[in-house]
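Engineer: test case, fold it:
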Amino acid sequence: MDFTHRQKEKFVTKILSLPYLSKKAIFAVDLVCVTVVFTLSYFLCYSLIVIPVHPIPFFIKLGVSLVSSGLFFILFSTYARVLRYSSFKDGPRIFFALLCANLVLLGFLLYAYKGPRFSVILVFINFVLGFSAIFFGRIMIRLFFDYVKTVYTTKNLPLLIFGTQATHISLATMIRDSEYLPYSIAGFISSNSRKTSQKIMNFPIYSKADFLTNTSFFRHIHALLVVSEELEPAEKRLLAEKCAQYKIELLAAPPLDEWKLGEKKTHTIDKLRIEDLLGRAPIQIDTKSIGHDLKDKTILITGAAGSIGREIVRQLCHFDVKMLLLCDVAETPLHELSLVLSDNFPGVKTQLLIADVRNYERMKIIFEQDHPQIVYHAAAYKHVPLMESHPSEAIMANLLGTKNVADLAVNYKSECFVMISTDKAVNPSSIMGASKRIAEIYIQYLIHSQKEKAEELSTRFITTRFGNVLGSNGSVIPRFAQQIKAGGPITVTHPDIIRYFMTISEACNLVLEASILGKGGEIFIFDMGEMVKIKDMAESMIRLSGLEPYIDIDIKYIGLRPGEKLYEELLYDKEKVLPTSHEKIKISKITGSNYEKVMPLIFQLIEAARHNDNMRVVKLMRQIAPEFISLNPTYSTLNVNGTQETDTCQTKDKESL
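Structural biologist: Just a heads-up that it's a prediction; the model follows:
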C-alpha cells in the first residue's frame with residue numbers, strides 16, 4: 001500500500017499508541033505458547049516412532065507441563081517486563097524458568113510412564129522449541145517497535161552524549177527507546193583525551209580534545225547531553241561557551257530514577273540551567289538523620305505556597321511525618337501546591353490552611369487544633385524595592401507575623417521553631433532587610449526570656465540566614481529568562497553588583513539540616529560559595545540560550561534601586577563563627593541586645609505600622625537596629641549622620657569590590 005507521509009504518521013501513531021499488555025495477559029500468552037509448543041513436540045515425537053496418540057495421557061502430560069511452567073514463570077517473573085521493551089537480559093529468566101519446568105515434566109514422565117529415551121527426547125524438543133518461541137518472540141516484538149520508531153518517526157536531531165560510563169549508556173538506551181524524544185544518538189564523548197576506534201551500542205566514541213578543537217564536530221550536531229552532577233562547574237562553563245559558539249543546545253540529563261522505562265509518559269530533557277553553572281559543588285546533607293528526627297511529627301510550614309515553603313514541603317514529603325500543615329494567605333498557589341502533592345505524594349497526610357500570620361487569633365486556632373511540634377516559618381515579604389514603598393507592611397508581615405507564630409510556638413510548647421532569615425538582615429540598607437533583622441532580635445529575646453526564668457528551652461528557636469535563591473519567585477533568573485525570550489535587553493542594576501546564590505533545593509536542604517543540628521538560640525550561616533556577579537550570570541544565561549551576549553541580546557545597566565547594596569554580607573563584624581558537624585553550616589554567635597530598651601521600641605514599631613506611619617516606622621527601625629543605614633533617599637534624613645553616612649556606606653561598598 002502506497003502511504004502518504006501523513007498516512008505513515010497516522011499508522012506509526014496507532015502502532016506506538018497500542019496499549020501495553022498487562023502482566024496477566026503476558027502470563028496467559030506464555031502459557032498458550034507452552035500449550036502449542038508441547039502439542040507440536042508431542043505429535044512430532046509420536047510421528048517419528050509411529051505410535052498413535054492417546055488423548056488421556058496427552059492431556060495429563062500437557063497439564064503437568066502447563067502447571068510446572070506457570071509456577072516457574074511466577075517464580076522467575078518472566079512476565080514482568082513490557083514486551084516492546086524486551087531485551088537479551090530477559091533470556092536467563094525465561095531460560096531457567098523453562099529449564100526447571102521441563103525438568104519437573106521429565107521427572108513426572110520417568111516416574112509415571114515407561115520409555116526413558118522417549119521422555120528425554122520429548123522434553124528436550126519441548127524445551128528448545130519453548131525457549132525459542134517465547135524468548136525470540138519477545139525479541140521480534142522489540143525489533144518491530146524499534147523499526148517503526150527509527151524508520152517512521154522524526155528522531156532527526158543528532159545528539160552527542162558527554163561521557164562513556166554506565167550512566168551515559170543507560171541514558172542513550174532511554175533516548176533510543178523513547179517514543180517522544182526527537183533526538184537520535186550520534187555518539188559519545190570520552191573524557192579521555194586520546195582517540196579511540198571503539199564503539200558503544202554501535203555508536204562512535206570521540207575524544208574530549210577532538211570535541212573542543214575540531215569544528216567539524218559541530219556541522220551536523222544539534223545538541224550535547226551532559227550529566228550535570230558529574231562535571232565540575234569550570235568544565236560545564238567551558239562546554240556552555242563552546243556550545244553557544246556553535247549554536248548547539250546544551251542539555252542536562254534528568255535523574256535516572258525519574259525515567260521509568262515502560263511507562264507511557266512524556267520524558268523531557270531540559271536545557272542546562274544557570275543553577276548548574278554555580279561556582280561550587282552542590283551541597284549534600286544526611287537525609288537519614290533528618291528523617292529519624294522528623295518521624296511521626298506534625299509540622300507547620302508558613303508561607304507554604306511560596307518558593308522556599310513549597311520546596312520545604314516537597315522535601316518533607318519524603319520523610320515519614322505524621323501531618324503537614326500547609327499555611328499560606330495566597331489561595332491559588334496553595335491550591336496548586338495541593339494538586340502537585342496529591343499527584344506525587346498521595347500517601348502524605350496534609351492539611352491546607354488559608355491563614356495570615358499577621359492575624360494572631362487565626363494562627364492561634366491552628367495551634368489549638370493541631371499542636372504543631374515543628375514550625376518552619378517561611379512566610380515573609382522579601383522584595384527589596386517594593387518594601388521601600390511599604391515599610392509598614394514589611395513590619396506587619398516580617399516582624400508581627402514572626403512574633404505571632406513564635407509566641408504561639410512557645411505558648412503551645414512546639415519543639416522547634418525555624419525562622420528563614422536573609423543575608424540582607426546583616427548591616428541592612430533596606431526596609432526588608434531591617435525588618436528581618438528586627439525579627440531576628442525578637443527571636444533572640446524569646447530565647448533570653450526563657451533562660452532568664454531559669455527554664456529549659458521549651459521551644460528550640462533556630463534562625464537560618466542565607467543569600468539569594470536561584471529560581472525563586474521574584475529572583476533574577478525568571479526575570480532574565482523573560483527578557484531573553486522577548487529578545488532583550490537584559491537589565492542589570494550595576495555592572496559590579498554581586499550576590500551570594502544557591503539553589504532552592506540546597507537552601508531548603510540546609511534549613512532541614514539546621515533544624516536538626518540546632519540546640520536552640522543559634523543563627524545558622526550557610527556556605528554560599530563565592531559571590532557571583534549578576535552581569536556574569538546574565539551573560540551565562542544568554543549563552544545557555546544559544547545566543548551571544550551584546551550581539552544577540554544586549555545588557556543594559558539601570559542603576560541601583562532604593563535600598564539596594566552592591567554586595568551582601570552573611571555576618572556582622574562582631575559576630576563569631578563556630579563550626580558544626582556539617583562543613584557547609586556555621587553558627588553565628590552574636591552579642592545580645594539590651595532587651596529592656598529594645599522591646600518597648602518593638603511594640604511601638606508594630607503600633608506605628610498598624611497606623612501606616614511610615615516615617616515613624618523607619619525612625620523606630622533605626623533605633624532598634626542602629627546598624628540599619630537606609631540607602632533610600634526618602635529615609636536618608638533619618639540616618640544618624642544624614643546623607644553623609646549614606647554616601648559613606650555606598651563608598652564602602654565600592655571599595656570592597
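Engineer: contacts and neighbour counts: CA atoms only from here.
Structural biologist: Will do.
Engineer: flag every buried residue along the helix or strand hosting Met599.
Structural biologist: Under the criterion of DSSP states H and E, Met599 resides in helix 595-610. For helix 595-610, burial by neighbour count (16 or more other Cα atoms under 10 Å) applies to Tyr595, Val598, Met599, Leu601, Ile602, Leu605, Ile606, Glu607, Ala608, Ala609.
Engineer: what's the answer for stretch 202-219, then?
Structural biologist: Pro204, Ile205, Tyr206, Ser207, Lys208, Asp210, Phe211, Phe218.
Engineer: for the first one, phi and psi?
Structural biologist: Going back to what we said before, that points to Pro204. With angles defined as degrees, to the nearest 10, Pro204 sits at phi -70, psi 150.
Engineer: cool, and the fourth one?
Structural biologist: Main-chain dihedrals, Ser207, degrees, to the nearest 10: phi -80, psi 160.
Engineer: and which of the buried residues of helix 595-610 is nearest to Ala240?
Structural biologist: Distance to Ala240, by Cα to Cα, is smallest for Ala609 among those, at 48.7 Å.
Engineer: now the closest one. Nearest residue, chain neighbours left out?
Structural biologist: Of all residues not flanking Ala609 in the chain, Ser392 sits nearest, at 4.3 Å (Cα to Cα, 6 or more residues apart in numbering).
Engineer: next, count neighbours for that neighbour.
Structural biologist: 27 (other Cα atoms under 10 Å).
Engineer: quick check: it touching Glu607?
Structural biologist: No. With contact defined as Cα atoms under 8 Å, Ser392 does not count as touching Glu607 (9.6 Å).
Engineer: per-residue pLDDT, Tyr79?
Structural biologist: Here, the pLDDT recorded for Tyr79 equals 82.
Engineer: Tyr567 now?
Structural biologist: Here the pLDDT value assigned to Tyr567 is 65.
Engineer: do the same with the one 3 residues further on
Structural biologist: Per-residue pLDDT puts Leu570 at 54.
Engineer: cool, and Ser656?
Structural biologist: 34.
Engineer: just Ile312 next, same as before
Structural biologist: Reported pLDDT for Ile312: 91.
Engineer: ditto for Lys574
Structural biologist: Confidence score, pLDDT, at Lys574: 54.
Engineer: what's the answer for Glu415, then?
Structural biologist: For Glu415, the model assigns a pLDDT of 90.
Engineer: buried ones in the lengthiest strand in the chain?
Structural biologist: Using DSSP state E, we find that the single longest strand of the chain is strand 183-190. Neighbour-count burial for strand 183-190, counted by 16+ other Cα under 10 Å, picks out Tyr183, Ser184, Ile185, Ala186, Gly187, Phe188, Ile189, Ser190.
Engineer: and the strands in the stretch 251-400 of the chain?
Structural biologist: Using DSSP state E, counting those that start in this stretch, the strands of the stretch 251-400 of the chain run over 270-271, 298-302, 323-328, 350-354, 374-377.
Engineer: can I get the ones you listed in a markdown table with distance to Leu560, mean neighbour count and mean pLDDT?
Structural biologist: Listed next are the strands of the stretch 251-400 of the chain as a markdown table, based on distance: least, Cα to Cα, whole Å; neighbours: other Cα atoms under 10 Å; pLDDT from 0 to 100:
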| stretch | distance to Leu560 | mean neighbour count | mean pLDDT |
| --- | --- | --- | --- |
| strand 270-271 | 31 | 15 | 68 |
| strand 298-302 | 31 | 24 | 95 |
| strand 323-328 | 32 | 23 | 94 |
| strand 350-354 | 36 | 17 | 94 |
| strand 374-377 | 30 | 24 | 94 |
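Engineer: tabulate those strands (CSV), appending distance to Arg138.
Structural biologist: Below are the strands of the stretch 251-400 of the chain laid out as CSV (distance: least, Cα to Cα, whole Å):
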stretch, distance to Arg138
strand 270-271, 33
strand 298-302, 50
strand 323-328, 46
strand 350-354, 44
strand 374-377, 53
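Engineer: residue contacts, the residue most central in space within the chain?
Structural biologist: Residue closest to the average C-alpha location in the chain (Cα atoms, centre = their mean): Ser505, at 6.7 Å. For Ser505, the contacting residues are Glu311, by Cα atoms under 8 Å, 6 or more residues apart in numbering.
Engineer: any idea how far Ala305 is from it?
Structural biologist: Look at Ser505 and Ala305: by Cα to Cα, to the nearest Å, they are 15 Å apart.
Engineer: three-state assignment of Leu547?
Structural biologist: The three-state assignment at Leu547 reads coil, by DSSP: H, G, I helix; E, B strand; the rest coil.
Engineer: go ahead and confirm it touches Glu249.
Structural biologist: No. Look at Leu547 against Glu249 with Cα under 8 Å: they stay out of range, at 10.3 Å.
Engineer: if we can go back for a sec, residues in contact with the longest strand of the chain: which ones?
Structural biologist: By Cα under 8 Å, 6+ apart, strand 183-190 touches 155-164, 172, 175-176, 200, 203-208, 211, 221.
Engineer: stretch 614-625 now?
Structural biologist: So stretch 614-625 is contacted by 390-392, 431, 434-435, 437-438, 598, 601-602, 604-605, 608-609, 628-629, 635, 638-639 (Cα under 8 Å, 6+ apart).
Engineer: and that stretch, how far out from the chain's middle?
Structural biologist: Taking Cα atoms, centre = their mean, to the nearest Å, one finds the center of stretch 614-625 at 41 Å from the center of the full chain.
Engineer: average pLDDT across that stretch?
Structural biologist: Mean predicted lDDT for stretch 614-625 stands at 92.
Engineer: mind exporting it as CSV, just the C-alpha atoms?
Structural biologist: Below are the C-alpha coordinates for stretch 614-625, written out as CSV (Å, rounded to 0.1, in the frame of the first residue of the first chain):
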residue,chain,number,x,y,z
ASN,A,614,5.9,55.1,57.6
MET,A,615,8.4,57.8,58.7
ARG,A,616,7.9,56.8,62.3
VAL,A,617,8.3,53.2,61.4
VAL,A,618,11.6,53.8,59.7
LYS,A,619,12.8,56.0,62.6
LEU,A,620,12.0,53.3,65.2
MET,A,621,13.7,50.7,63.0
ARG,A,622,16.8,52.8,63.1
GLN,A,623,16.6,53.0,66.9
ILE,A,624,16.1,49.2,67.3
ALA,A,625,18.8,48.3,64.8
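Engineer: if you count neighbours, what's buried in that stretch?
Structural biologist: Neighbour-count burial for stretch 614-625 [16+ other Cα under 10 Å]: Asn614, Met615, Arg616, Val617, Val618, Leu620, Met621, Arg622, Gln623, Ile624, Ala625.
Engineer: most widely separated two among those residues?
Structural biologist: Asn614 and Ala625 (16.2 Å).
Engineer: helices of the stretch 251-400 of the chain, start to end?
Structural biologist: Assigned by DSSP state H, counting those that start in this stretch, the stretch 251-400 of the chain shows helices spanning 287-294, 307-316, 331-344, 360-370, 384-388, 391-394.
Engineer: break this structure down into its domains, please.
Structural biologist: 17-150, 157-272, 287-650 (automatic domain parsing).
Engineer: between the ones you listed, which gets the lowest average pLDDT?
Structural biologist: When I compare these, domain 157-272 is least confident, with a mean of 73.
Engineer: any idea how far Phe603 is from the spatially closest residue to Ile602 that is not a sequence neighbour?
Structural biologist: Closest residue in space to Ile602, ignoring its immediate chain neighbours: Ile624 at 7.3 Å, by Cα to Cα, 6+ apart. As judged by Cα to Cα, Ile624 and Phe603 stand 11 Å apart.
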